[in-house]
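Participant: using only what follows, build the 3D model:
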Amino acid sequence: MLAGPTAVGKGTVSADIRRRYPQVWLSVSVTTRPPRPNEVDGVHYHFISDAEFDRMIADDELLEWAVVHGRNRYGTPRRPVEEQLRTGEPALLEIDLQGARQVRRTMPNAHFVFLAPPSFEELERRLLARGTEGPEERARRLLTAREELAAADEFDDIVVNDVVTRATDELVSLMGLPTE
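Facilitator: The predicted model follows:
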């Protein structure tokens with residue numbers, strides 16, 4: 001499980017894993033938020049309606065789910081994860097702190113990795129550079145990020161995302177796989 005605050009680069013590290021380590025299966029989360037520019041449905045997320053999200057909750061189809069930044073819902077479809085784990089092959093879930101806590105309760109033997117920024121100032125810079133949120137949303141996300149950073153010690157390992165390829169290699173190594 002990989003979790004970390006907004007703009008820390010979870011998606012960037014996941015994309016690097018997808019590109020450089022195709023043997024690692026990456027779970028695709030569902031979300032009720034609209035896609036950002038260049039996001040592809042079914043690759044980055046499954047973008048679904050609130051009604052479909054409600055149905056998935058009611059039918060116990062989500063391994064975990066949460067309201068993130070007080071607005072949109074994100075969740076991990078249960079069936080694909082369970083199917084992948086049965087194969088014994090590497091799997092990676094990219095989730096938020098709330099989701100990690102839920103998964104910890106249902107899958108206590110999973111390995112939990114926190115992706116941290118080199119500094120809070122760098123996290124702010126990355127969020128601003130992303131340019132996908134207005135001032136109010138950025139402020140909300142930074143408030144949430146402070147809470148998430150304070151919970152880093154709940155995780156089995158912490159990987160600092162200072163250089164994407166280095167962070168990717170460290171994460172893959174923690175999964176027990178050889179790195180490039």
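Participant: show me where the protein has its strands.
Facilitator: Here the chain has its strands, by DSSP state E, at 2-3, 25-26, 30-31, 46-47, 62-68, 72-77, 91-92, 113-116, 157-160.
Participant: since we're on residue 66, how many residues are nearby?
Facilitator: Residues lying near residue 66 (other CB atoms under 10 Å) number 19. Bear in mind the C-beta positions are built from the backbone N, C-alpha and C, glycine included.
Participant: hmm, residue 103 is touching residue 63, no?
Facilitator: Yes. Using CB atoms under 8 Å, residue 103 and residue 63 qualify as a contacting pair, with a distance of 6.3 Å.
Participant: which neighbours do those two share?
Facilitator: Here residue 103 and residue 63 have 76, 93 as joint contacts, going by CB atoms under 8 Å, 6 or more residues apart in numbering.
Participant: not counting its neighbours along the chain, what's nearest residue 48?
Facilitator: The shortest distance from residue 48 to any non-neighbouring residue, by CB to CB, 6 or more residues apart in numbering, is to residue 30 (5.2 Å).
Participant: for residue 123, same thing?
Facilitator: residue 117 (4.0 Å).
Participant: what's the average pLDDT for stretch 151-158?
Facilitator: Mean pLDDT, computed over stretch 151-158, is 97.
Participant: cool, and stretch 109-128?
Facilitator: Per-residue pLDDT over stretch 109-128 has a mean of 94.
Participant: may I ask you to name the longest helix in this structure?
Facilitator: As assigned by DSSP state H, the longest helix anywhere in the chain is helix 135-149.
Participant: measure the most centrally placed residue in the chain to residue 121 for me?
Facilitator: The residue lying closest to the centre of the chain (CA atoms, centre = their mean) is residue 94, at 2.7 Å. With distances taken as CB to CB, to the nearest Å, residue 94 is found 24 Å from residue 121.
Participant: can you check residue 67 too?
Facilitator: Distance, residue 67 to residue 121, by CB to CB: 27 Å.
Participant: now do residue 81
Facilitator: 35 Å.
Participant: who has more neighbours out of those two?
Facilitator: Using other CB under 10 Å as the criterion, residue 81 and residue 121 rank with residue 81 on top: 19 against 9.
Participant: which residues touch that one?
Facilitator: 27, 63, 91, 93.
Participant: please tell me which one of the residues you listed counts the most neighbours.
Facilitator: Counting by other CB under 10 Å, top hit in the contacts of residue 81: residue 93 with 24 neighbours.
Participant: go ahead and confirm that residue touches residue 17.
Facilitator: No. Counting by CB under 8 Å, residue 93 stays clear of residue 17, with 12.0 Å between them.
Participant: all helices of this protein, in order?
Facilitator: Using DSSP H, the helices assigned to the chain run over residues 10-20, 50-58, 78-87, 97-106, 120-130, 135-149, 164-174.
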